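>>> generate coordinates for the sequence data below:
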Amino acid sequence: MFLLPKGSPLFENLAVSKLKLPDVLTKLSNGAFTGYASFVFQSSTAILVFEAGKLVSAIVKWQDGKRESGFEALSALAELMVSTGSGFMNVYKLSRDLTMCINALLEGEILYKAQELKLIDIKTLLEKIKDDKMNGCLRIYTDEHSAMIFYKAGSPLGFFHDGSSDIETSSNESQKIAGLPGAKIDLFSTKSADELMGMDLLEVANIQKIWDSCVAQQKSEIDKTNHERQERDKKVVSQKLAELEERVKSIAGEYAGKVGRSIVDKEISDNGGNLCLVDAAGIEKFMKDVERAAKLLVSGRNIKLMMEELNSAISVAKSEYDQIK
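Just a heads-up that it's a prediction; the model follows:
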């Protein structure tokens, strides 16, 4: 979602699920880091730009084109890190001047946006960039290709195009793209590196508080989900037990009539309710009690058949109960 030069990698492909945002920011800040950290998720990408340990820019861009910056971006990043099981972080060190240009690309003033190159006097534009001693980035692109030229005080620092991983000194690729049909430009300007040094989001945003709030919210949502699942499971279990109780009574009724149903009803009550039908110790006692009571009413062979049916029905139901539990 962001195509940026990598510079010198400090960390690559670190699993976000193992990271805590306050710890990451503290480490980069205390290390006087200059460059950017990218957090890549399935639905979004976050970029944090640092200048000598100061967080000068924070951006989150979503697949649908939505963007958040500053405090909102930090809050969104914290929420993504806490709630998303996937994602990875990269940290790339850049020179101070290139970091300034990255900031221009992400949050600089937009002087031209999606302007067709054929409608621009590019020579005059480049002279203006030079004369105005502009700091920023000129992006030249088509639907398939793009290139960027980074400027400091009106002079090009270097060139970057899709497919490269670092800044190049040759303008050949930029010139090729500029000559393609439908080529467009974006032009972004920004403050000098010295002016950017006066900004630090870490001084105005309480990162630990943001993180703790996201952690608490995530825990609350998990607890709510678990409670709702437990309530659903209780209803399912209650229904399954009621069905099993009726099935057991029906089997006993087939062999001993209404008295058989009464025997089952009594033994379930005496054994603490229908949960005894899915508890190993409870099943054993229930079966013995039913068999003993039924011997006064049912012949030996029928008792055997009844107990086999009861055992089969209870075994199937217990297996289903164990899976739910």
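>>> ok, which stretches of the stretch 51-200 of the chain are helices?
Ranges of helices in the stretch 51-200 of the chain, per DSSP state H, counting those that start in this stretch, are 70-83, 96-107, 122-131, 172-178, 193-196.
>>> packed most tightly, which of these would that be?
The highest mean neighbour count among the helices of the stretch 51-200 of the chain, using mean count of other C-beta atoms under 10 Å, belongs to helix 96-107: a mean of 24. C-beta here means a position set from N, CA and C on the backbone, and glycine is covered the same way.
>>> chain center to that one, what's the gap?
27 Å (C-alpha atoms, centre = their mean, to the nearest Å).
>>> hmm, who's touching it?
With C-beta atoms under 8 Å, 6 or more residues apart in numbering as the test, helix 96-107 has contacts from 2, 4-5, 7, 34-36, 47, 49-52, 56-57, 59, 69, 94, 135-137, 139, 148, 150-152, 157-158, 167, 188-193, 196.
>>> so which of the residues you listed sit within strands?
35-36, 47, 49-51, 56-57, 59, 69, 136-137, 139, 148, 150-152, 157-158, 188-189 (DSSP state E).
>>> and the closest residue to Leu125 other than its chain neighbours, bridged to which residues?
Counting by C-beta to C-beta, 6 or more residues apart in numbering, Leu125 lies nearest to Leu187, which is 7.6 Å off, once chain neighbours are set aside. Leu187 forms beta bridges with Tyr112, Leu138, as assigned by DSSP bridges.
>>> distance of the residue nearest to the spatial centre of the chain relative to Ala78?
Most central in the chain under C-alpha atoms, centre = their mean is Thr84, positioned 2.1 Å from the mean C-alpha point. If you measure Thr84 against Ala78 using C-beta to C-beta, to the nearest Å, the figure is 11 Å.
>>> from the ones in strands among the contacts of helix 96-107, keep the buried residues only.
35-36, 47, 49-51, 56-57, 59, 69, 136-137, 139, 148, 150-152, 157-158, 188-189 (16 or more other C-beta atoms under 10 Å).
>>> could you check how many residues crowd around the closest residue to Ser17 other than its chain neighbours?
Distances taken as C-beta to C-beta, 6+ apart place Gly85 nearest to Ser17, at 5.8 Å, with adjacent residues excluded. By the criterion of other C-beta atoms under 10 Å, Gly85 has 7 neighbours.
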